[in-house]
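Peer 1: Here is a sequence together with a model predicted from it:
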Number of protein chains: 2
Amino acid sequence: MRIAVFCSGRGTNFLNLLLDYEKGNMPGAEFVVMVADSKYAQALNVAREFDVPTLVIPRSAYHSNQDGYERRLLEVLEPHNPELIVLAGFQRVLGKVFLDAYPNKVINIHPALLPSFPGHMVWQKEVDYGVKLAGATVHYVDYGVDSGPIIIQGAVPVLDTDTADELSERILRVEHWILPKAVSLIVAGRVELEGRKVKIKNIKPKDLEDSQFQAMVWPPLDA
Amino acid sequence: MRIAVFCSGRGTNFLNLLLDYEKGNMPGAEFVVMVADSKYAQALNVAREFDVPTLVIPRSAYHSNQDGYERRLLEVLEPHNPELIVLAGFQRVLGKVFLDAYPNKVINIHPALLPSFPGHMVWQKEVDYGVKLAGATVHYVDYGVDSGPIIIQGAVPVLDTDTADELSERILRVEHWILPKAVSLIVAGRVELEGRKVKIKNIKPKDLEDSQFQAMVWPPLDA
């Protein structure tokens, strides 16, 4: 399965996917291109290190022309023929123009237990609200903001003393856990979308153990 | 600490509190009265079984007179002099009239990982949305709907095959786990409210183990 990864920042989730791939946990995956929205995205270094081709499409060149930006993305992506597009810290919203070209083939990782805390500045909002459980969600991208069908969610505790930065680092641990899991399940052809419900094929969920496929908690807590 | 419990339904959370109390897990607690909003609330049987005095204040008698209902509640509660009021499946919203008489002394248990899914019909909404982690939240009651400061949250996985009823039963397990924990921490004088952040005294949260006080997951899942 040909995978394109879109990044804006450090690319830690991208790196983590590549490391998981190298460990042999993602048979059938092929990382064919990494797309950045800025030439300063550190994720470009990750791509170079792993010999993944890169494309830089600066959003700034398409100021106030979202459709134009998306058409440009489609144009440059087309020769790479991706079968799965992973938004891994990509800071741009993708709309109808882009999504309609890749129906149910674009997934995103969001650092919150959706539907709580969609959008930006998630960690500060979580700390300010005073939630005791935070986490991350891998979901299909639909026309809304972080509103698409959920593939996997993972939870982490929030500590009394957490700053937004400390919480974001802890949530990143669960992101690094659930994103490779989601991608490898998709690559293995085991993810089924029914309406807005995402089911994992080839398990018979007769008990809660099986739920580990889609509901994960880091670190494991004792009862 | 003199505790009043408000119930509308079966009273399973109330029963569970009483059982935990009988096990000796809640030293200093005293269940002084149970308030029901209907004489048909099965929770009344629980109260009778455990010799807890009951009050039945039917909401129907105060149709479209919320303030009058709350004043009546205050009037009948006053002789019992409660220091903590636990809404355990109480299906009526309490507003300013009631809450101002017991500032930061009213807690509620809600069957969702707030701020996701406040209000009613939670389990159906969770199943329809397709969340993979659900749970319950114990929180202080403020003027909003399920919007007050969070004391403890507990998570449970959602299975692909869950109906709303099946999910509600699983969430109930976590309710029965976190509500006694929250009440016993309050009774022990260990719960501190700073703005909308709820902190547990006498722990030094130096590591994630300590987070078990406020972020719980049932059943424990392996990494």
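Peer 2: That came through fine.
Peer 1: pretty sure A:Pro82 is touching A:Phe31, no?
Peer 2: No: the pair A:Pro82 and A:Phe31 does not pass the contact test of Cβ atoms under 8 Å, sitting 9.7 Å apart. No exception for glycine: its C-beta is placed from N, CA and C like everyone else's.
Peer 1: In contact with the residue nearest to the spatial centre of chain A: list those residues for me.
Peer 2: Residue closest to the mean C-alpha point of chain A, counted by Cα atoms, centre = their mean, is A:Ile109 at 2.8 Å. Shown in contact with A:Ile109 (Cβ atoms under 8 Å, 6 or more residues apart in numbering or on different chains): A:13, A:86-89, A:136-138, A:175, A:178-179.
Peer 1: Quote the end-to-end distance of stretch A:152-172.
Peer 2: End-to-end distance of stretch A:152-172: 15 Å, with Cα to Cα, to the nearest Å as the criterion.
Peer 1: Which one of the contacts of A:Ile109 is nearest to chain B?
Peer 2: Distance to chain B across the contacts of A:Ile109 (Cβ to the nearest Cβ) is lowest for A:Thr137, with 8.1 Å.
Peer 1: Surely the closest one is within a strand?
Peer 2: Yes: with the criterion set as DSSP: H, G, I helix; E, B strand; the rest coil, the secondary structure at A:Thr137 is a strand.
Peer 1: Model confidence score at the residue nearest to the centre of chain A, please.
Peer 2: Model confidence at A:Ile109, expressed as pLDDT, equals 97.
Peer 1: in the sheet, who's paired with it?
Peer 2: Here A:Ile109 sits in beta bridges with A:Val138, going by DSSP bridges.
Peer 1: what separates A:Leu74 from chain B, distance-wise?
Peer 2: For A:Leu74, the distance to chain B equals 28 Å [Cβ to the nearest Cβ, to the nearest Å].
Peer 1: now A:Lys201
Peer 2: Counting by Cβ to the nearest Cβ, the gap from A:Lys201 to chain B is 10 Å.
Peer 1: if I look at the closest residue to that residue other than its chain neighbours, how far off is chain B?
Peer 2: Residue nearest to A:Lys201 in three dimensions, not counting chain neighbours: A:Arg190, with 4.6 Å by Cβ to Cβ, 6 or more residues apart in numbering or on different chains. Computed as Cβ to the nearest Cβ, the A:Arg190 to chain B distance reads 12 Å.
Peer 1: A:Pro27 now?
Peer 2: A:Pro27 is 22 Å from chain B, where distance means Cβ to the nearest Cβ.
Peer 1: Read off the pLDDT value for that residue.
Peer 2: pLDDT, A:Pro27: 93.
Peer 1: Isn't the residue nearest to A:Lys201 up against A:Val198?
Peer 2: No: with contact defined as Cβ under 8 Å, A:Arg190 does not count as touching A:Val198 (10.7 Å).
Peer 1: Look at those two and report which has more neighbours.
Peer 2: Remark: of A:Arg190 and A:Val198, A:Val198 carries more neighbours, 24 against 14, as counted by other Cβ atoms under 10 Å in any protein chain shown.
Peer 1: Dihedrals phi and psi, the more buried one?
Peer 2: Dihedral pair for A:Val198: phi -110, psi 120, per degrees, to the nearest 10.
Peer 1: shaky segments in chain A?
Peer 2: By pLDDT under 70, the low-scoring segments of chain A are A:203-214, A:216-223.
Peer 1: Please report the residue range of the longest helix in it.
Peer 2: Ranked by residue count, the top helix of chain A under DSSP state H comes out as helix A:164-187.
Peer 1: Excluding its own residues, what touches the helix or strand following it? List them.
Peer 2: Elements were assigned by DSSP states H and E; along the chain past helix A:164-187, the next helix or strand is strand A:191-194. Outside of strand A:191-194, the residues within contact range by Cβ under 8 Å, 6+ apart are A:104, A:140, A:149, A:151, A:182, A:185, A:198-201.
Peer 1: Please repeat the previous calculation with a cut-off of 6 Å.
Peer 2: A:104, A:149, A:185, A:199, A:201 (Cβ atoms under 6 Å, 6 or more residues apart in numbering or on different chains).
Peer 1: And the residues you listed, which is closest to B:Pro118?
Peer 2: Of all these, B:Pro118 sits closest to A:Pro149, with 21.7 Å by Cβ to Cβ.
Peer 1: what's near enough to touch the closest one?
Peer 2: Residues counted as contacts of A:Pro149 (Cβ under 6 Å, 6+ apart) are A:140, A:193, A:196, A:198, B:130.
Peer 1: Weed out the non-buried ones from the residues you listed.
Peer 2: Buried by 16 or more other Cβ atoms under 10 Å in any protein chain shown: A:140, A:198, B:130, out of the contacts of A:Pro149.
Peer 1: so what's the last one up against?
Peer 2: Contact partners of B:Gly130, counting by Cβ under 6 Å, 6+ apart, are A:149-150, A:196-197.
Peer 1: Can you tell me, leaving aside adjacent residues, what's nearest to it?
Peer 2: Counting by Cβ to Cβ, 6+ apart, B:Gly130 lies nearest to A:Lys197, which is 4.4 Å off, once chain neighbours are set aside.
Peer 1: can you check A:Arg170 too?
Peer 2: Of all residues apart from its sequence neighbours, A:Val156 sits closest to A:Arg170 (Cβ to Cβ, 6+ apart), at 5.0 Å.
Peer 1: Name whatever forms a beta bridge with that neighbour.
Peer 2: Counting by DSSP bridges, A:Val156 forms beta bridges with A:Ala134.
Peer 1: Quick check: the gap between it and A:Glu175.
Peer 2: In this structure, A:Val156 and A:Glu175 are separated by 10 Å, where distance is defined by Cβ to Cβ, to the nearest Å.
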